[in-house]
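Trainee: predicted structure and sequence below. I'll ask about it afterward.
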Amino acid sequence: MSARLPASRKTRRYEWATFEGVWNREFTLFKRFWLSTTISSVVQPIIYLFAFGLGVGTLVSQVDGISYVEFVGTGSVATAVLFASAFPGMFNTYVRRVFQRTYDALLAAPVSVDELALAEATWIAAKAGFYGSFPLIVTFFFGLTPTWGMLLVPIIGFVTGLGFAFFGMWVGATIKTIEQTTYITSIVLTPLFLVAGTFFPISNLPPGLQVAAQFNPLYHCVELVRAACFGWDLPADLYNFAFLVGFAAIMWFVAIRALRARLVD
Amino acid sequence: MPRGIVLGLLGPNGAGKSTTMRMLTGQTKPTSGSIQVLGFDIRTESKQARALMGVVPQIDNLDTDLTVEQNLMMFAVLYRVPRGERHDAVERALGIAQLKDRRDSKVTELSGGMKRRLLIARGLVHTPELVLLDEPTVGLDPQVRQELWSLIDALRAEGTTVLMSTHYIEEAERLADDVAVMSHGSIVARGTPHDLRAQHVGERATEFYGPPDRLARIEESAKAAGLATRRTGPSIAVLRSEDASVDVLADLGDGTPRAATLEDVFVLLTGEVLE
């Protein structure tokens, strides 16, 4: 085929069109489902607060110097972020790759795997940051005092969500059947959110698990959320934040590599 | 490939047509060699090339979460149609797909023919210079097929270059200015349908019917006389029968002459038996 364009239009690695296209699409779906998403985001922490707060709360009134209800309320932010990011990452990627084959359609347009992955992950992370903050709002009604620091919680949720969105995309790009997601849920995700200081402090765990928790991104997320609510401990919190950024960066790399291998043969 | 023509990529299933298409968009990497599309090297500049191409895949990969119009709008954005022109581009594409009154339908509510028209319109929303059509009419009713054929013909009339893969001979015969016959991953013949016929199977073929032993005998006699044959189920066709001598014809017995077709070329070049 003969040349037509002088190679005038240089393309950059990341271009706006993909982000606009992907975010538009997600926003369209969001407008359709926002009510059910919002309701479930409000109801879930309420269930946790009642189940743990009223159940376990009668046995323990205070944990690490805060009321148990506040402990669970702030811990629920991490579970909400995890659910809002890892699951969409996993299922959307698998469904769009295998069932709908929309990834094939997008990659035939001037869209690269890298752009596609970042556009989808940032959308998921933004939603995770937004809905991840809902447990705090619910806990206000159970006695949590609003503070300015809490305005940073959506950002903490975003960074955590970005890491887990990429984690989910990596899983979605790697698994062979959709049933394999149940392994990930039971073997990886459930322990992650239990051993993160969400519903009980990790100081009560055996030493081995306490060390393991240090490598759990959700633990660092929970620590940061509690710091935002009850007061900062700067060097430690900067480390927590750096850990989350590092987790997101590693997962980004891993997810893109897996997606490239799967989508371009 | 010259501009403004319809090039038909003809070959049996598994000949490498879809793989060729995927290579042109950079979705499959060639093991060796390089590919240039519209002047861009696919190894390093596939994105620029894809921006000028429209791709209509064989498999329906429409976004089932979106409506007809939203599907088109998404690709108008991805194909960098300027914001002010997007609305018109989508309207034009809706017109091409004849889906203006179904713009708000979910993709899942469309019939097979409508989905295929939408897939084609999606690949045309940015008025590309080169359109890749992978088996555009496979599995469709004759009526829908004819609609799509006139659509492809209209594209050519507008000066768009079309690369169309098909395993329907008739489709290639009717639409393609130029045909490339593929077999086992490479092009085994290339030319206009007319030239391919003239070059490989001559003007006429003669069909002979009869019990299997008669067909076998005719096949042998034709081979002895240096004529190519092809089995077509109940009959055997002796190709280039206009070249056969009177003696040979007498030996073959009664047959029905017919014009040579592209199908004769296809079978001759890609083999009677598919692996």
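Mentor: Nice, I can see it.
Trainee: which stretches of chain B form strands?
Mentor: With DSSP state E, the ranges of strands along chain B come out as B:6-10, B:36-37, B:40-41, B:53-56, B:130-134, B:161-166, B:178-183, B:186-191, B:204-209, B:229-232, B:235-239, B:256-259.
Trainee: out of those strands, which is closest to chain A?
Mentor: strand B:53-56 (3.9 Å; CB to the nearest CB). C-beta: built from backbone N, CA, C; applies to glycine.
Trainee: mean confidence score for the closest one?
Mentor: Strand B:53-56 comes out with an average pLDDT of 96.
Trainee: what do you get for stretch A:127-146?
Mentor: 94.
Trainee: anything in it near chain B?
Mentor: No. Counting by CB under 8 Å from any CB of the partner chain, chain B has no neighbours in stretch A:127-146; the shortest distance is 15.5 Å.
Trainee: now that stretch: how far from the chain's centre is it?
Mentor: 16 Å (CA atoms, centre = their mean, to the nearest Å).
Trainee: please apply the same query to stretch A:52-72.
Mentor: That offset, for stretch A:52-72, works out to 25 Å (CA atoms, centre = their mean).
Trainee: buried ones in it?
Mentor: Buried residues in stretch A:52-72, counted by 16 or more other CB atoms under 10 Å in any protein chain shown: A:52-53, A:56-57, A:63, A:67-72.
Trainee: go on, stretch A:202-209?
Mentor: A:202, A:205.
Trainee: just stretch A:127-144 next, same as before
Mentor: Of all the residues in stretch A:127-144, those buried under the rule 16+ other CB under 10 Å are A:127-136, A:138-139, A:142, A:144.
Trainee: burial of the closest residue to chain B within the stretch 151-265 of chain A, as a residue count?
Mentor: Here the stretch 151-265 of chain A gets closest to chain B at one residue, residue A:265, 5.2 Å apart by CB to the nearest CB. By other CB atoms under 10 Å in any protein chain shown, the residues close to residue A:265 number 9.
Trainee: and for residue A:176?
Mentor: 8.
Trainee: with adjacent residues omitted, what lies nearest to the residue of the stretch 101-250 of chain B at minimum distance from chain A?
Mentor: Taking CB to the nearest CB, chain A has its nearest neighbour within the stretch 101-250 of chain B at residue B:129, 6.9 Å off. Distances taken as CB to CB, 6 or more residues apart in numbering or on different chains place residue B:52 nearest to residue B:129, at 5.0 Å, with adjacent residues excluded.
Trainee: mind checking how far the one you found is from residue B:134?
Mentor: 18 Å (CB to CB, to the nearest Å).
Trainee: quick one on the thing from earlier: so what's the residue of the stretch 101-250 of chain B closest to chain A up against?
Mentor: A:4, B:3, B:38, B:52-53, B:160-161 (CB atoms under 8 Å, 6 or more residues apart in numbering or on different chains).
Trainee: okay, it: pLDDT?
Mentor: The model reports residue B:129 with a pLDDT of 93.
Trainee: ok, residue B:173 next?
Mentor: For residue B:173, the model assigns a pLDDT of 87.
Trainee: that one - how many residues pack around it?
Mentor: Counted with other CB under 10 Å, residue B:173 comes out at 21.
Trainee: same question for residue B:251.
Mentor: 15.
Trainee: I figured it was touching residue B:222, is that so?
Mentor: No. At 9.1 Å, residue B:251 and residue B:222 do not qualify as touching, with contact defined as CB atoms under 8 Å.
Trainee: dihedrals phi and psi, the residue of the stretch 101-250 of chain B closest to chain A?
Mentor: Torsion angles at residue B:129 (phi, psi; degrees, to the nearest 10) stand at phi -80, psi -30.
Trainee: could you list the low-pLDDT ranges of chain B?
Mentor: The model of chain B has pLDDT under 70 over residues B:272-275.
Trainee: ok, the residue in it that chain A sits nearest to to residue B:129 distance?
Mentor: Residue of chain B nearest chain A, by CB to the nearest CB: residue B:39 (3.0 Å). Noted for residue B:39: a distance of 11 Å to residue B:129, by CB to CB.
Trainee: and for residue A:24, the neighbour number?
Mentor: For residue A:24, the neighbour count with other CB under 10 Å is 16.
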